[in-house]
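J.: need coordinates for the below:
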Amino acid sequence: MKNRIRILCVIVVSTGFALALPCRDTNSAALRRGQARQATCSKEALAALNMIPKLNYNCGENDEDDLKSAKRRAALRAYLRKLESSARASWWAASVDDLNACLITNEVRELTESERREPGYTEVYGDQSARLLVVRDPCVKYSYMTRNAFVLQRAVGRVYATQVLDAFYTRADPGVRAELGALNGETLIIVKTDFADGFSPPTLSGTYSVYVIDPRSHHAVPKKLFMEQGNLTNQFEYAQYLFEDEQLYKQWSAPELMRNGRLLPEFYVYSLNENKLTRDTYVWKHKYYALQ
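T.: Sure, this is the predicted structure:
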């Protein structure tokens, strides 16, 4: 059953045709979870990784206080400034595969066979100009994986950092992923989160949160690409399931918004109703997706 949860949270459907929207050449293998992981943590990647500071602050008496405390908010603002000053050229030059291998080993060596097979918790996504960095929160511990995520953008001779996930928690593997692309000359960052609570059976869901790099501020801002109940939003949530029926399990797949840096002309959402799958189609309407 544990393997079912892992597979369910990372499976991606391959449907539709690529939409001829402006896009930049990105290494999608380095942006997606579930791809073959490089086997070695190199000396250069480990040194670059060690430049990135750890998030630390004094913990309060309970989780709720930690999340809302003025000390935590101040610590996060200070951490943004540290990221902007510490993400140097060598960190950008290192591939995300090498950096993530070092996150697993914390030493210069090849990954073991078991490390290669395990899903791991990839914490860096992106390319040489924009990246998503995922770090664990030292104090807020709703789950064994409560994390924060930051978009780093390198432009005009400096680095700009924006927080896009704040104390996100889940018991799903890997929990957080990201993919980069472009739309009308703007850099798109699609952050995918998989949520699973600790109950039995668990509540499962997936969410796409879309951001764009503002060309003036160079910070990540929400990009409202989804029309939901008459309102535009930058987030799209869908249900995930644990299937007892093997055929339903094979037929279900998560919606796919982007392929090779290009938004697809439509995506599909499969829902389970009375032990049957139904499919909704969301179509690109030149500026946003809407239910067909």
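J.: next one: the spatially most central residue of the chain from residue 113, what distance?
T.: Taking C-alpha atoms, centre = their mean, the centroid of the chain lies closest to residue 177, which sits 2.5 Å from it. Remark: distance between residue 177 and residue 113 (C-beta to C-beta, to the nearest Å) = 24 Å. All C-beta atoms are positioned from the backbone trio N, CA, C, and that covers glycine.
J.: now swap in residue 160 and tell me
T.: From residue 160 to residue 113 the distance is 39 Å (C-beta to C-beta).
J.: more neighbours: the two, which one.
T.: More neighbours surround residue 160 than the other of residue 160 and residue 113, with 21 against 9 (other C-beta atoms under 10 Å).
J.: in which helix or strand does the more buried one reside?
T.: Assigning secondary structure by DSSP states H and E places residue 160 in strand 158-169.
J.: what element comes up after that strand heading to the C-terminus?
T.: Using DSSP H and E, the next helix or strand after strand 158-169 towards the C-terminus is strand 176-183.
J.: quick one: list the elements packing against whichever helix or strand comes after that next one.
T.: Downstream of strand 176-183, the next assigned helix or strand under DSSP H and E is strand 186-196. Using 3 or more C-beta pairs under 8 Å, 6 or more residues apart in numbering; DSSP states H and E, the elements in contact with strand 186-196 are helix 2-10, strand 130-136, strand 146-155, strand 158-169, strand 176-183, strand 204-213.
J.: quick check: mean pLDDT of strand 186-196?
T.: Strand 186-196 shows a mean pLDDT of 95.
J.: contacts for the lengthiest helix in the chain, please.
T.: Of all the segments of type helix in the chain, defined by DSSP state H, the longest one is helix 70-86. Residues from elsewhere that reach helix 70-86, judged by C-beta atoms under 8 Å, 6 or more residues apart in numbering: 51-53, 55-58, 60, 66, 133, 139-140, 148, 150, 152, 158-163, 166.
J.: one more time with 7 Å
T.: The contact list for helix 70-86 (C-beta atoms under 7 Å, 6 or more residues apart in numbering) reads 51-53, 55, 57-58, 66, 139, 150, 152, 158-161, 163.
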